[in-house]
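Visitor: The following comprises the amino acid sequence and a computationally predicted model.
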Amino acid sequence: MAGHTSSSIPEGVIERLPVYLNALMQVRDEGSGTVSSAKLSELTEVNSAQIRRDLSYFGSFGRRGVGYEVIMLIDKMQNILGSDHTHRLALVGAGHLGSAIASYNGLRARGFIVSAIFDSDPAKIGNRIGDIVVQDVSTLARAAEAQKIRIGIIAVPTTAAQEVADLMSAAGIRVILNYSPMIVRVADGVVVHNTDPVRELMHTLYYLSRAEGVA
C-alpha cells in the first residue's frame with residue numbers, strides 16, 4: 001500500500017474510492033481506454049489534485065500526458081475495496097425498506113449478494129422476497145455461520161435496531177450498514193456505517209433553505 005497502513009488512510013479517502021470506481025466504470029462503458037484526472041474530476045466533482053493525492057495512498061498510478069489506464073485502475077480499485085470477489089449479506093428487516101434493498105440489482109453488480117433475510121414478525125417469516133425465504137431472526141447466528149456471512153444490513157424500526165446490532169455482533173458479523181435512525185453501539189472489532197435516509201434528507205434541507213433565502 002505504498003507505505004501506508006489501512007489505519008493511517010483518512011476516512012475521507014476511503015469514502016471517495018467508490019465514487020472514483022463508479023466514474024471509472026462509466027468511462028469504461030463509454031469505450032475509453034484511458035482517462036485523465038481532469039476527466040475524473042469532472043465526473044466526480046472532486047478536484048484533480050485531491051484525486052491524485054487519494055490514489056497516491058495506494059501506489060503510483062497514471063502517466064503524465066496519458067492519464068490512467070481505465071481497466072487497470074478499475075482492477076486496482078476493486079482490489080483495494082475488496083469488491084473483486086463476492087460478499088454475502090444478511091438483511092434484517094423484511095418491510096418495505098428491507099424488500100427494496102434486497103431487490104436492488106445494483107448490489108449484485110458490485111459483488112454483493114443478499115443471501116439471507118430475517119424478521120421477528122410472524123406475518124413476514126416464511127414469505128419470499130425474490131427467491132429468498134424470510135427467516136426468524138433467532139436463526140441469524142446459525143445462518144451467518146453456515147453461509148460465512150460477515151456483512152449485515154439493519155432495516156428495522158428504531159426500537160429494534162440495537163437488539164439487531166447485538167445479534168449481528170454475536171453472530172460473527174463484522175461490518176454493519178445501519179439504515180435505522182438510531183446510532184447503534186457495537187463491540188470493538190465491528191464496524192458500523194449509519195446511513196439513515198431521513199437524516200440525509202434533513203442534511204440537504206440546510207442547503208435548500210439557503211438556496212431559497214430562507215435563513
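Guide: Yes, it's here. Numbering: from 1, shown residues only.

Visitor: Just the element for L177, please.
Guide: Secondary structure assigned from DSSP states H and E places L177 in strand 175-178.

Visitor: do the same with V198
Guide: In this assignment (DSSP H and E), V198 forms part of helix 197-211.

Visitor: now I80
Guide: According to DSSP H and E, I80 maps onto helix 70-81.

Visitor: averaged over its residues, what pLDDT does that helix have?
Guide: Averaged across helix 70-81, pLDDT comes to 91.

Visitor: elements contacting the longest strand along the chain?
Guide: Secondary structure of the chain per DSSP state E: the longest strand is strand 112-119. If contacts are counted by 3 or more Cβ pairs under 8 Å, 6 or more residues apart in numbering; DSSP states H and E, strand 112-119 sits against strand 87-92, helix 96-103, strand 132-136, helix 140-147. Placement of C-beta: from N, CA and C, glycine included.

Visitor: and the angle for it with helix 140-147?
Guide: If you take axes from the mean of the first three to the mean of the last three Cα atoms, to 10 degrees, strand 112-119 sits at 150 degrees to helix 140-147.

Visitor: Okay, now the sheet partners of strand 112-119, with direction.
Guide: Strand pairing for strand 112-119, using DSSP bridges, gives strand 87-92 (parallel), strand 132-136 (parallel).

Visitor: tell me the domain boundaries of this protein?
Guide: Using automatic domain parsing, the domain ranges for the chain come out as 6-81, 87-199.

Visitor: mean confidence score for the lengthiest helix in the chain?
Guide: Longest helix of the chain, by residue count under DSSP state H: helix 11-29. Confidence for helix 11-29, expressed as mean pLDDT, is 93.

Visitor: For whichever helix or strand comes after that helix, what does the pLDDT average out to?
Guide: Counting by DSSP H and E, the element after helix 11-29 in chain order, helix or strand, is strand 34-35. Here strand 34-35 scores 93 as its mean pLDDT.

Visitor: One more: stretch 208-215?
Guide: On average, stretch 208-215 scores 74.

Visitor: How about the most centrally placed residue in the chain, nearest residue that isn't a chain neighbour?
Guide: For the chain, L177 is the residue whose C-alpha lies nearest the centre (Cα atoms, centre = their mean; 7.4 Å). In space, L177 comes closest to I153 once its chain neighbours are excluded; the distance is 4.8 Å by Cβ to Cβ, 6 or more residues apart in numbering.

Visitor: State the pLDDT value of the one you found.
Guide: In this prediction, I153 carries a pLDDT score of 98.

Visitor: Name the residues that touch the helix or strand where it lies?
Guide: Element membership for I153 (DSSP H and E) is strand 151-154. Under the criterion Cβ atoms under 8 Å, 6 or more residues apart in numbering, residues 87-93, 98, 101, 112, 114, 144, 161, 164-165, 168, 171, 173-180, 184 lie in contact with strand 151-154.

Visitor: Mark which of the residues you listed are buried, thanks.
Guide: For those, a burial check counting by 16 or more other Cβ atoms under 10 Å picks out 87-93, 98, 101, 112, 114, 144, 161, 164-165, 168, 171, 173, 176-180, 184.

Visitor: Give me the buried stretch members for stretch 117-125, please.
Guide: By 16+ other Cβ under 10 Å, the buried positions in stretch 117-125 come out as I117, F118, D119, S120, K124, I125.
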